[in-house]
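J.: Quick check, what structure comes out for this input:
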Amino acid sequence: MNILFIHQNYPAQYKHLVEWLGLMRKHRIVFLTQSPKVPKTTSHQIIQYKPDHKLPKNSYAVSRYFEVSCAAGEKVANICKELDAKG
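T.: Prediction:
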């Protein structure tokens, strides 16, 4: 089974679940994260990403969180398309 975890902080609340599934050695597990430092592992693949969108210096404070979230979502969607194309 292909299993995809998406969380900006690796491994977050999925730590034990990812480890348990990885020990089975019968699943393909991919974890998408924005975490800058991740440990090396052989039980699953970790893909680090950074949103491509940069906030302008004069952006409105009330829209910053929305823009950052949309940029992260767009990047994750693009990575998912790439993973799907690879099978």
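J.: tell me, what residue is most central in this protein?
T.: In the chain, the centroid-proximal residue (C-alpha atoms, centre = their mean) is L32; its distance is 2.1 Å.
J.: what about it, which helix or strand?
T.: With secondary structure defined by DSSP states H and E, L32 is part of strand 28-33.
J.: picking that back up, got the contact list for the closest residue in space to the residue nearest to the centre of the chain that isn't next to it in sequence?
T.: If the residues on either side of it in the chain are set aside, L32 comes closest to I6, at 4.6 Å by C-beta to C-beta, 6 or more residues apart in numbering. C-beta coordinates here come from the backbone N, C-alpha and C atoms, glycine included. By C-beta atoms under 8 Å, 6 or more residues apart in numbering, I6 lies in contact with F31, L32, T33, V76.
J.: Can you lay out the residues you listed as JSON lines showing distance to H44 and pLDDT?
T.: JSON lines is the format used below for these (distance: C-beta to C-beta, whole Å; pLDDT from 0 to 100):
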{"residue": "F31", "distance to H44": "6", "pLDDT": "96"}
{"residue": "L32", "distance to H44": "11", "pLDDT": "96"}
{"residue": "T33", "distance to H44": "11", "pLDDT": "96"}
{"residue": "V76", "distance to H44": "17", "pLDDT": "96"}
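J.: Which two among the residues you listed are spaced furthest apart?
T.: Greatest spacing in these, by C-beta to C-beta: F31 and V76 (11.7 Å).
J.: Could you check which of these two has the larger neighbour count?
T.: F31 (23 against 18; other C-beta atoms under 10 Å).
J.: my read: that one touches Y10, true?
T.: Yes: look at F31 against Y10 with C-beta atoms under 8 Å: they come within range, at 6.0 Å.
J.: Which neighbours do these two have in common?
T.: Counting by C-beta under 8 Å, 6+ apart, the shared contacts of F31 and Y10 are I46.
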